[in-house]
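S.K.: Below is the sequence, then the predicted model.
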Amino acid sequence: MGSKSLEKFLKEGLNDLKSKGLYNEINTITGQNGPVIEIEGKKLVNLSSNNYLGLATNKRMIEAGLAATEKYGVGAGAVRTINGTLDIHVKLEEKLANFKHTEAAIAFQSGFNCNMAAISAVMGKNDAILSDALNHASIIDGCRLSGAKIIRFEHADMEDLRAKAKAAVESGLYGKIMVITDGVFSMDGDIAKLPEIVEIAEEFDLITYVDDAHGSGVLGKGAGTVHHFGLSHKIDFQIGTLSKAIGVVGGYVAGSKDLIDWLKVRGRPFLFSTSLTPASAGACIEAINILTESTELHDKLWENGNYLKAELKNLGFDIGHSETPITPCIIGDAAKAQEFSKRLYEEGVYAKAIVFPTVPLGTARVRNMPSAAHTKEMLDEAIAKYAKVGREMGLIK
Ligand SMILES: *Cc1c(COP(=O)(O)O)cnc(C)c1O
């Protein structure tokens, strides 16, 4: 057998997590990841996917994916910089730039990969990055990879950001300084204070970087958080994912033509990892067509989100301070949050518990992601189960 020290490390680590209620059991769904899912033969109202607009299972999207597969095959065959750039990749990037109101865009294999690529393509060991304390794990990893000095500022605390930006500039220690934030924070559903961030960035000549994975398709009539605030010409990097509201897989960076040209020669996942599958590119193009033709799905998402939030709040749950359809139910204790999620599951509602390290210790929650694809009946069923289980567990009166 293999290494004894590895075996000991894994056994102890797994046992430790399980004893603390922090080990995540993975469910397998059979069939589509739609508003109702099936797990081990059981049908559940699904409140845990990022498929905000229902596009992951949309008919037009499926047909576009199939058509691209028929035309180009199942794989792109190479990395983008050798000969893995198909005309649908280029078309997708043109569409994305248009959609985001920027000069240009570059597509990657995932949103995670965008953060691996884009931060280290520009920032290095002589630079500094001001990073919101609740930024997504892929931002944190991207910052680490760059080798730049990472300076955390308190979540959404603009006074702290200003003070740390000022100190960083006055220290004279750094070449370039970047400020980096999620557009929408996925665990609480709050929106970054971009107007203030831009003001501080202008004062101290900071590079601005917004990862809008949860904002695109949701805010700004679909175009995202930056457009929502009318700041498209003021944010240097706009990161998006093609896996959440867009419903497929992949990611992109939108910005100036020079920035995108630079990422095409320095964004390492673009150079060293095979490009998006033709089906993904084709389906993503169709998603942007759907989003630009009408705001119907966007409007339905907000209607459903507002309804779910109001009803859960009425029941007496702590739903935090979400400003988007993301609806957390904050329980606090990790084991209790997991028990709550498990009881909801037994009652036919899939709402995942989210615990440390995804959220800070003591703020464990069950997070709800309503979508445009849910009917009012599905939401009412989920709300009734929340009431039942919440009372049984003594979480509400
Ligand atoms: C989900 C998410 C990502 C990762 O996107 P994928 O396309 O799923 O890899 C990156 N950044 C943020 C802020 C996210 O929420």
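M.R.: Nice, thanks for sending it over. Numbering: from 1, shown residues only.
S.K.: What ranges does the stretch 1-150 of the chain have for its strands?
M.R.: Residue ranges of the strands in the stretch 1-150 of the chain, as given by DSSP state E, counting those that start in this stretch, are 36-39, 42-46, 104-108, 128-132, 149-153.
S.K.: My guess is residue 127 contacts residue 177. True?
M.R.: Yes: distance between residue 127 and residue 177: 6.7 Å, which falls inside the contact criterion (Cβ atoms under 8 Å). For every residue, glycine as well, the C-beta is placed using N, CA and C.
S.K.: Which of those two has more residues huddled nearby?
M.R.: Using other Cβ atoms under 10 Å as the criterion, residue 127 and residue 177 rank with residue 177 on top: 23 against 20.
S.K.: partner residues bridging the more buried one?
M.R.: Taking DSSP bridges, one obtains residue 128 as the residues bridged to residue 177.
S.K.: Now do the strands in the stretch 251-397 of the chain.
M.R.: For the stretch 251-397 of the chain, the strands defined by DSSP E, counting those that start in this stretch cover 251-255, 327-332, 349-350, 353-354, 364-368.
S.K.: Partner strands of the third one and their direction?
M.R.: Just to be clear, that refers to strand 349-350. strand 42-46 (parallel).
S.K.: Out of the strands of the stretch 1-150 of the chain, which gets nearest to the ligand?
M.R.: Taking Cβ to the nearest ligand atom as the criterion, the ligand comes closest to strand 104-108 out of the strands of the stretch 1-150 of the chain, the separation being 8.5 Å.
S.K.: helices or strands next to the closest one in the packing?
M.R.: Strand 104-108 sits against helix 87-100, strand 251-255, helix 257-266, helix 268-272, with contacts defined as 3 or more Cβ pairs under 8 Å, 6 or more residues apart in numbering; DSSP states H and E.
S.K.: what does the protein put close to the ligand?
M.R.: Applying Cβ under 6 Å from any ligand atom, we find that the chain lies next to the ligand at 110-112, 136, 138, 182, 186, 211, 213-214, 241, 243, 251.
S.K.: Just those residues: which are in helices?
M.R.: Of the residues of the chain next to the ligand, the ones assigned to helices by DSSP state H are 111, 112, 138.
S.K.: Closest one of these to the ligand?
M.R.: Compare each of these with the ligand using Cβ to the nearest ligand atom and the shortest gap goes to residue 111, at 2.4 Å.
S.K.: Could you measure from that closest one over to residue 250?
M.R.: Here the distance between residue 111 and residue 250 works out to 8 Å (Cβ to Cβ, to the nearest Å).
S.K.: Run the chain-centre distance for stretch 307-327.
M.R.: If you compare the mean C-alpha spot of stretch 307-327 with that of the full chain, they lie 20 Å apart, counting by Cα atoms, centre = their mean, to the nearest Å.
S.K.: for stretch 224-242, same thing?
M.R.: 14 Å.
S.K.: tell me which residues of that stretch are tucked away?
M.R.: Under the neighbour-count criterion of 16 or more other Cβ atoms under 10 Å, stretch 224-242 has 224-229, 231-232, 234-242 buried.
S.K.: Quick one: mean pLDDT over it.
M.R.: Per-region confidence: stretch 224-242 scores 96 on mean pLDDT.
S.K.: In TSV, list the strands of the stretch 1-150 of the chain along with mean neighbour count and mean pLDDT.
M.R.: Putting these into TSV (neighbours: other Cβ atoms under 10 Å; pLDDT from 0 to 100) gives the following:
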stretch	mean neighbour count	mean pLDDT
strand 36-39	16	98
strand 42-46	19	98
strand 104-108	24	98
strand 128-132	25	98
strand 149-153	17	98
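S.K.: All set now, cheers.
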